[in-house]
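K.L.:
how would this look folded up:
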Amino acid sequence: MQFLDFEKPIENLYDQLAKLKENGEKSGVDVSATVAEYEAKIASTRQELYGNLTAWQRVQLSRHPDRPYTLAYIEKMCTNFVELHGDRNVKDDKAMVGGFADLDGETVMFIGQQKGVNTKMRQLRNFGMANPEGYRKALRLMRLAERFNKPIVTLIDTPGAYPGLEAEERGQAEAIARNLFEMFKLRVPVICIIIGEGASGGALGIGIGDRVLMLENSWYTVISPENCSTILWRSWNFKEKAAEELKLTSDYMAQFGLVDGVIREPLGGAHVNQDEMADILKKRIKQELAELRKIDADTRIQQRIDKFSNMGFFEEH
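P.N.:
So this is what the prediction gives:
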């Protein structure tokens with residue numbers, strides 16, 4: 001297991017537990033009682049640590065290297081996943097994945113960013129930062145799902161749309177804006193779930209839906225804490241303060257009405273028990289789809305438009 005900075009107390013206990021088990025095996029002494037004590041202490045320490053996480057600690061959890069990404073969730077929740085490739089214009093963007101899958105007997109179009117599970121794959125996936133062709137591929141798949149009257153589920157996990165010169169030359173802003181425009185008009189149910197990082201237009205490009213949900217230890221805002229710190233204080237050293245001030249955590253997003261709900265994670269984060277997390281997510285998706293199917297398409301579209309139009313608040317003077 002890999003541990004974050006604030007998880008040092010848990011890491012120390014795991015190290016001590018490993019040494020205890022090793023010594024017990026070598027000496028042949030029964031250490032089961034002591035092992036049980038250590039496991040109980042690990043559980044209580046974890047409960048204490050995760051009972052009061054800061055915004056920055058949740059950002060760290062959203063980036064945990066063991067945290068499941070889009071393809072991991074699809075593999076654990078679905079069967080018969082058929083990945084579809086290309087935007088029919090430039091190329092296939094590996095940072096954006098999607099295709100039809102069987103979710104307990106129902107065909108669903110899954111679309112999401114994929115970061116990569118090791119250094120080589122992260123480079124291939126461009127660290128989950130999609131180019132314009134990625135968003136155009138996503139829109140192509142959404143239209144395909146609409147043609148066959150299949151619901152759409154998007155899994156959002158990106159530090160932002162790719163900001164490179166070539167992305168701007170190929171129309172990054174237009175591609176994202178086009179997705180926003182078209183997603184409002186989709187006649188099939190659309191569920192958007194932020195499973196990790198939800199940064200700026202990169203997240204919003206596949207984030208317009210009838211239901212927008214967040215995992216407990218994900219974040220959603222216009223800019224990353226590091227970049228916010230750089231702009232305001234000319235240094236990354238204030239990223240923790242920036243994270244607090246941005247109010248980017250799931251609880252704040254639900255409080256502000258920017259998302260429709262928060263999906264709780266296993267204690268310690270989604271990476272601690274990926275199977276349990278996938279099961280929780282699957283149940284929530286099925287529940288939301290069942291509710292959305294009861295609403296006719298025209299009403300769903302109008303509710304979608306009204307929801308996003310009413311976001312935000314201001315005072316007139």
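
K.L.:
Mind jotting down where the helices sit in the stretch 201-317 of the chain?
P.N.:
Using DSSP state H, counting those that start in this stretch, the helices assigned to the stretch 201-317 of the chain run over residues 225-233, 239-246, 250-255, 274-293, 297-309.

K.L.:
To residue 140, which of those lies closest?
P.N.:
Closest to residue 140 of the helices of the stretch 201-317 of the chain is helix 297-309 (Cβ to Cβ; 20.0 Å). C-beta coordinates here come from the backbone N, C-alpha and C atoms, glycine included.

K.L.:
Might you list the low-confidence residue ranges for the protein?
P.N.:
Across the chain, the ranges flagged by pLDDT under 70 are 313-314, 317.

K.L.:
can you give me the angle the longest strand anywhere in it makes with helix 225-233?
P.N.:
The residue-count maximum for a strand in the chain (DSSP state E) belongs to strand 190-199. Between the axes of strand 190-199 and helix 225-233, defined by axes from the mean of the first three to the mean of the last three Cα atoms, to 10 degrees, the angle is 50 degrees.

K.L.:
Against which helices or strands is strand 190-199 packed?
P.N.:
Judged by 3 or more Cβ pairs under 8 Å, 6 or more residues apart in numbering; DSSP states H and E, strand 190-199 is in contact with helix 55-62, strand 152-158, strand 211-215, strand 219-221, helix 274-293.

K.L.:
want to throw these into a markdown table with mean neighbour count and distance to residue 71?
P.N.:
Putting the helices and strands packed on strand 190-199 into a markdown table (neighbours: other Cβ atoms under 10 Å; distance: least, Cβ to Cβ, whole Å) gives the following:
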| stretch | mean neighbour count | distance to residue 71 |
| --- | --- | --- |
| helix 55-62 | 22 | 17 |
| strand 152-158 | 28 | 9 |
| strand 211-215 | 25 | 16 |
| strand 219-221 | 25 | 21 |
| helix 274-293 | 16 | 12 |
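
K.L.:
Just send the ones you listed back as CSV, with distance to residue 118 too.
P.N.:
As requested, these are exported to CSV (distance: least, Cβ to Cβ, whole Å):
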stretch, distance to residue 118
helix 55-62, 19
strand 152-158, 16
strand 211-215, 22
strand 219-221, 24
helix 274-293, 16
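
K.L.:
Of all the ones you listed, which one is nearest residue 172?
P.N.:
In terms of Cβ to Cβ, the element of those nearest to residue 172 is strand 152-158, at 12.9 Å.

K.L.:
Go through the host helix or strand of residue 176 and flag the buried ones.
P.N.:
Assessed by DSSP states H and E, residue 176 sits inside helix 172-185. For helix 172-185, a neighbour-count test (16 or more other Cβ atoms under 10 Å) marks 172, 175-176, 178-180, 183-184 as buried.

K.L.:
how about the helices and strands packed on strand 190-199, which one is nearest residue 132?
P.N.:
For residue 132, the closest of the helices and strands packed on strand 190-199 is strand 152-158, at 13.9 Å, according to Cβ to Cβ.

K.L.:
Downstream of the closest one, the next helix or strand is which one?
P.N.:
Counting by DSSP H and E, the next helix or strand C-terminal to strand 152-158 is helix 165-169.

K.L.:
buried stuff in that following helix?
P.N.:
Quick answer for helix 165-169 (16+ other Cβ under 10 Å): residue 167.

K.L.:
Export only the CA atoms of that helix, formatted as PDB.
P.N.:
Written as PDB, here are the backbone C-alpha positions of helix 165-169 (Å, rounded to 0.1, in the frame of the first residue of the first chain):
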ATOM      1  CA  LEU A 165      -0.500  25.000 -28.200                       C
ATOM      2  CA  GLU A 166      -1.700  22.200 -30.500                       C
ATOM      3  CA  ALA A 167      -4.900  21.800 -28.500                       C
ATOM      4  CA  GLU A 168      -5.700  25.400 -28.900                       C
ATOM      5  CA  GLU A 169      -4.900  25.300 -32.600                       C
END
